[in-house]
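[1] need a structure here:
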Amino acid sequence: MRQSAWLLVLLVCCSMGAAALVGPVSAAPGGPATSATRTSYATERPAVVEKRILGRSVKGRPIHAWRLGEPGKRRVVLISTMHGNEPATRLILQSLRDGRPIRGIDLWVVPRYNPDGLVRRTRRNAHGVDLNRNYPHDWADLDGSYESGPRPASEPETRAMMKFLRQVRPRRVVSFHQPLFGVDTDTKDPHFARRLARGLRLPTTTLDCGGLCHGTMTSWFNANFRGSALTVEYGARPSRHRMSVAAPRQLLRVLGARVVRR
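    Next up, the predicted model:
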């Protein structure tokens, strides 16, 4: 009997120890972020404090947004690969997402806005629509490379981004492109555009499409929100070091943010 009692105590202690090691069960996908999910983010990607699926592409691929930094600070959204044949700048956003924790800013990054186009290495989405001509501001019926779709906001990617920006209402939106090599100063806040150009070591330029850019994301945002949006264009083949190392550091400095050093 004495041996059986000790065996029972041992089993109880082992069970309690296993429960302590396992810890709380995380919430179901799509549910509220719990301490367990935040711990998971900190383990896998220390900079990430929240993750969302904004919507899905024509082919059903998820469009992910990752929140970095400190909620409650100045809010900024960074977007890349609106055109699938402009893939290099997503490395800037991925480096920020996969790097060390960030302080001084509430930052959202969307590295793969047009996932179908990125897979196909094409400018347009799977419907053959240029997402940067599909927004409901100065929309026009365009054909060819700038196919604007059958109507404004006809594409699921466009609607997903519009809904997201309405929800988070950032102070600034920066949309990264290639290959025109410059920061657009023909925008709502030219002072910030010039400061960003200096910080990123890019020239200033005017991206007015020869007069008026129809249906662009930045023009739609600038017309409907208090914040400002602008376009940054890198060259056709920027180096991997510039995209993964130099540009993320430069960008954070311009935005007044910093990386937490261990």
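
[2] what's the offset of the helix or strand containing Leu78 from the middle of its chain?
    Per DSSP states H and E: Leu78 is located in strand 75-79. How far strand 75-79 lies from its chain's middle: 7 Å, per CA atoms, centre = their mean, to the nearest Å.

[3] Equivalent analysis for stretch 238-245, please.
    Centroid displacement of stretch 238-245 relative to its chain, using CA atoms, centre = their mean, is 18 Å.

[4] Do me a favour and average the pLDDT over that stretch.
    Here stretch 238-245 scores 98 as its mean pLDDT.

[5] re earlier: got the angle for the next helix-or-strand element following the strand holding Leu78 vs strand 75-79?
    The helix or strand immediately downstream of strand 75-79 is helix 90-98, counting by DSSP H and E. Interaxial angle, helix 90-98 versus strand 75-79 (axes from the mean of the first three to the mean of the last three CA atoms, to 10 degrees): 140 degrees.

[6] Give me the helices and strands touching the helix or strand following helix 90-98, please.
    The element immediately downstream of helix 90-98 (helix or strand, assigned by DSSP H and E) is strand 102-103. When contacts are defined as 3 or more CB pairs under 8 Å, 6 or more residues apart in numbering; DSSP states H and E, strand 102-103 sits against strand 62-69, strand 258-259. All C-beta spots, glycine's among them, are computed from the backbone N, C-alpha and C.

[7] so how many other residues sit close to Tyr135?
    A total of 26 residues lie near Tyr135 under the criterion other CB atoms under 10 Å.

[8] Could you do the one 5 residues further on as well?
    Here the count is done by other CB under 10 Å, and Ala140 has 12 residues near it.

[9] So it is in contact with Glu147, correct?
    No - contact status for Ala140 versus Glu147: not in contact, 11.3 Å apart, counting by CB atoms under 8 Å.

[10] rewinding a little: just name the most buried of the helices and strands packed on strand 102-103.
    Mean neighbour count (mean count of other CB atoms under 10 Å) peaks for strand 62-69 among these, with a mean of 21.
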